[in-house]
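1. coordinates only, sequence not included:
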């Protein structure tokens, strides 16, 4: 029994493949079953186990367990399970399978011991998650899904380039720490990972695609891609100073764009970028506290972000709308969803007794301890903006504010059950932080419930609220979008299409026509070669008798000239 | 805003200020800003207003466009 090693990813992959063969009614239950058993597997799999395979000259480490992979494995498996409950009502099996494949890829990356296995699972995630966007089945989702896929394949390509260079240098596939001095290979690999981590300016795929995905798909999307990237950063890129800069800027960048966004899932998408900024900065700081903070925050974030998307999803399901300008006055008709949403909103805003409070503070403290004061203040500023945007503006204009006389449809019970399950852990970890701290990669002596922390949090929350109340008219939603860096390739798409596609296509078409004309002329000539010589003749077809006299004259003339030349040459040789 | 909301917020503010002043010996970390009792009051208030004003300014000047800008739908 101790020697049997089942990679958790394999179990989920099996689930994805089996699902279409099961009776239709069983499938959503099977999804839940596979996710739950994977969670058990991940929980009970002991650390220090390893599963290798030899392929040609290389040793692949398909599965390797330690405290870091266990932490991420637990939360990934858990959110797959919670998501399976939330999406229980979905009838399309392909969506369930895609979600299982997506989760399988995430767990594959988490437990991979070599870069090649990591890469295969990385690409699997990109493909599976694209399906969750496309299954929305409208034009915007199709186009956005394409941009998403192309961007991710591009990122995967860059990662692969770096990987190949790395393997050539290191002669080994094993996942190790990578140093900034290793040259091009390490920077290419970092770039590939940063794309999946949605670090600006490489982030626009997230804010573009997530709001357009299916209601249930967005829950899975919010959990896996960015957090597997964070995992890889923690694993291989800790201590890279540039990550502190990028992370700190990210936290405020996301908040600024979230304030400008009108779609509620667009706001949440930008907040993913903001919160991942804390994790990226923590990796850059590199101390045990910082890495613990990044890991803890990743765990907490997956929980409350999924809950936020679940909440926004219920509003979209019930009203068919997701824009702040079209929503309002739902607090009586969608009370349970509001309460569960607010649990997540309090978590992300760092309210005491919720899980954001116990994890975000770790990263901020680590920044302070390592004297990165500017970064720390940017993170504080982002915290203000987060509460303002997700905790105040979004719920205010969605559930309160202007009455829009919306009549929400009743929600499938499973959606609320899924939300309840996640909300439970958001509160549980807030009340008993040691439950989460015990899972962290390093021993943690951090106490979030210190007087100074409670004092600063209280002041921040109270006065952010006051700032919101004063500016609430300025924050009134407008039916607008904010242009982000994807403007560069979205606006130019028309012009680029004209130059690179319509242009050559037109050229080919013209050439085609001309060749057709030439061929036709050739055929006509071959049918009657005498035609050009007798342009005024009415006859079209070649008839030997008609042209014989003419040809006789021509040939006789030629013969006479030839005889004359021969005679002339013979009698007058010089 | 309802009366009890205002009372609650004021109470919290006073509580945090009091705790900040009374328990100042607690942090051995010695960060200069933690010594100022109402620091985060100012930070959150000014920061919040600044964020909203700055974001809306960016929106008005360059970034905010009509919904149909990309002709995606």
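-> All right, it came through fine. Please read these numbers as outputs of a predicted model, since none were measured by experiment.
2. where does the chain dip in pLDDT?
-> I'll assume chain A. A:1-4, A:535-540, A:574 (pLDDT under 70).
3. to clarify, I was referring to chain B.
-> For chain B, applying pLDDT under 70 flags the ranges B:1, B:24-35, B:73.
4. from residue B:36, how far out is the residue of it found nearest chain A?
-> Residue of chain B nearest chain A, by Cβ to the nearest Cβ: residue B:48 (2.9 Å). (Each C-beta comes from the backbone N, C-alpha and C, glycine too.) In this view, residue B:48 and residue B:36 are 18 Å apart by Cβ to Cβ, to the nearest Å.
5. looking at those two, which is more packed in?
-> Higher neighbour count among residue B:48 and residue B:36: residue B:48, with 26 against 12, using other Cβ atoms under 10 Å in any protein chain shown.
6. that one against residue A:471, yeah?
-> Yes. Using Cβ atoms under 8 Å, residue B:48 is in contact with residue A:471, at 7.4 Å.
7. ok so, going back, please confirm that the residue of chain B closest to chain A is located within a helix.
-> Yes. Membership of residue B:48 in a helix is supported by DSSP: H, G, I helix; E, B strand; the rest coil.
8. name all residues that make contact with it.
-> A:384-385, A:388, A:463-464, A:466-468, A:471 (Cβ atoms under 8 Å, 6 or more residues apart in numbering or on different chains).
9. just give the closest residue to it, not the sequence neighbours.
-> Closest residue in space to residue B:48, ignoring its immediate chain neighbours: residue A:467 at 2.9 Å, by Cβ to Cβ, 6 or more residues apart in numbering or on different chains.
10. element containing that neighbour, please.
-> helix A:451-471 (DSSP states H and E).
11. which other residues reach that helix?
-> A:349-352, A:357, A:361, A:380, A:383-384, A:387-388, A:392-393, A:475, B:1, B:9, B:12-13, B:15-16, B:19-20, B:23, B:26-27, B:29, B:34, B:38-45, B:47-49, B:52-53.
12. from these, which land in helices?
-> Judged by DSSP state H, helices contain the following of those: A:349, A:357, A:361, A:380, A:383-384, B:9, B:12-13, B:15-16, B:19-20, B:34, B:39-45, B:47-49, B:52-53.
13. among these, name the buried ones.
-> Those of the ones in helices among the contacts of helix A:451-471 that meet the buried threshold are A:349, A:357, A:361, A:380, A:383-384, B:9, B:12-13, B:16, B:19-20, B:34, B:39-41, B:43-45, B:47-49, B:52, by 16 or more other Cβ atoms under 10 Å in any protein chain shown.
14. within range of chain B, give me the residues from the stretch 351-500 of chain A.
-> Contact residues, the stretch 351-500 of chain A versus chain B (Cβ under 8 Å from any Cβ of the partner chain): A:368-369, A:380-381, A:384-385, A:388, A:450-452, A:454-456, A:458-471, A:474-475, A:478-484, A:490-491.
15. nearest spatial neighbour of the residue of the stretch 251-400 of chain A found nearest chain B, skipping sequence neighbours?
-> Per Cβ to the nearest Cβ, residue A:259 is where the stretch 251-400 of chain A lies closest to chain B, at 4.0 Å. Leaving aside its chain neighbours, residue A:259 sits nearest to residue B:55 (4.0 Å; criterion: Cβ to Cβ, 6+ apart).
16. right, and the one you found touches residue A:254 too?
-> No. If you go by Cβ under 8 Å, residue B:55 and residue A:254 don't touch, sitting 11.3 Å apart.
17. out of these two, which sits in the busier spot?
-> A side-by-side neighbour count of residue B:55 and residue A:254, using other Cβ under 10 Å, places residue A:254 first with 29 against 24.
18. what's the burial count for the spatially closest residue to that one that is not a sequence neighbour?
-> Of all residues not flanking residue A:254 in the chain, residue A:274 sits nearest, at 2.9 Å (Cβ to Cβ, 6+ apart). Here the number of neighbours of residue A:274 (other Cβ under 10 Å) works out to 25.
19. quick check, residue A:274 in a helix?
-> Yes. Under three-state DSSP, residue A:274 sits within a helix.
20. wait, it sits on residue A:256?
-> No. Counting by Cβ under 8 Å, residue A:274 does not reach residue A:256; the two are 9.0 Å apart.
21. what do those two both touch?
-> Jointly contacting residue A:274 and residue A:256 under the rule Cβ under 8 Å, 6+ apart are residue A:385.
22. correct me, but residue A:362 touches residue A:297?
-> Yes. Here residue A:362 reaches residue A:297: they are 7.0 Å apart, a contact under Cβ under 8 Å.
23. identify the contacts common to those two.
-> Counting by Cβ under 8 Å, 6+ apart, the common neighbours of residue A:362 and residue A:297 are residue A:282.
24. tell me where the stretch 1-150 of chain A has strands.
-> For the stretch 1-150 of chain A, strands defined by DSSP state E, counting those that start in this stretch occupy the ranges A:50-55, A:58-64.
25. residue nearest the centroid of chain B?
-> The C-alpha lying nearest the average C-alpha coordinate of chain B belongs to residue B:44 (Cα atoms, centre = their mean; 2.2 Å).
26. leaving aside the residues next to it on the chain, what's closest to that residue?
-> Counting by Cβ to Cβ, 6+ apart, the nearest residue to residue B:44 once its immediate chain neighbours are dropped is residue A:463, at 3.8 Å.
27. what's the burial count for the one you found?
-> Using other Cβ under 10 Å, residue A:463 has 26 other residues around it.
28. cool, residue B:17 as well?
-> Residues lying near residue B:17 (other Cβ under 10 Å) number 16.
29. now for it: which residues touch it?
-> Shown in contact with residue B:17 (Cβ under 8 Å, 6+ apart): B:37-38, B:41.
30. swap in residue A:76?
-> Neighbour list for residue A:76: A:103, A:106-107, A:110, A:223-224, A:227-228, A:302 [criterion: Cβ under 8 Å, 6+ apart].
31. in CSV: these, plus distance to chain B and neighbour count.
-> Formatted as CSV, the contacts of residue A:76 follow (distance: Cβ to the nearest Cβ, whole Å; neighbours: other Cβ atoms under 10 Å in any protein chain shown):
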residue, distance to chain B, neighbour count
A:103, 29, 32
A:106, 29, 33
A:107, 33, 30
A:110, 34, 31
A:223, 26, 28
A:224, 25, 26
A:227, 26, 27
A:228, 28, 26
A:302, 26, 23
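32. okay, and which of these map to helices?
-> Going by DSSP H, the helices hold A:103, A:106-107, A:110, A:223-224, A:227-228, A:302 from the contacts of residue A:76.
33. now for those: which two are most distant?
-> Using Cβ to Cβ, the ones in helices among the contacts of residue A:76 reach their maximum pairwise distance at A:107 and A:302, which is 13.1 Å.
34. what segments of the stretch 151-300 of chain A are helices?
-> Per DSSP state H, counting those that start in this stretch, the stretch 151-300 of chain A carries helices over the ranges A:184-196, A:204-209, A:217-236, A:241-260, A:264-285, A:288-319.
35. re the thing from before, how many neighbours does the residue nearest to residue B:48 have?
-> 23.
36. pull the contacting residues for residue A:9.
-> By Cβ under 8 Å, 6+ apart, the contact set of residue A:9 is A:63, A:104-105, A:107-108, A:111, A:121.
37. return the closest of the residues you listed with respect to chain B.
-> Nearest to chain B among the contacts of residue A:9, with distances taken as Cβ to the nearest Cβ, is residue A:105, at 27.6 Å.
38. which one of the strands of the stretch 1-150 of chain A lies closest to residue A:185?
-> strand A:58-64 (16.8 Å).
39. isn't the residue of the stretch 251-400 of chain A closest to chain B right next to residue A:388, touching?
-> Yes. Residue A:259 is within contact range of residue A:388, at 7.5 Å (criterion: Cβ under 8 Å).
40. those two: who's more crowded?
-> The residue with more neighbours, out of residue A:259 and residue A:388, is residue A:388; 27 against 24, by other Cβ under 10 Å.
41. isn't that one up against residue B:55?
-> No. Look at residue A:388 against residue B:55 with Cβ under 8 Å: they stay out of range, at 10.0 Å.
42. how about the nearest residue to residue A:292 once chain neighbours are set aside, secondary structure?
-> Nearest non-adjacent residue to residue A:292, counting by Cβ to Cβ, 6+ apart: residue A:440, 4.6 Å away. The three-state assignment at residue A:440 reads coil, by three-state DSSP.
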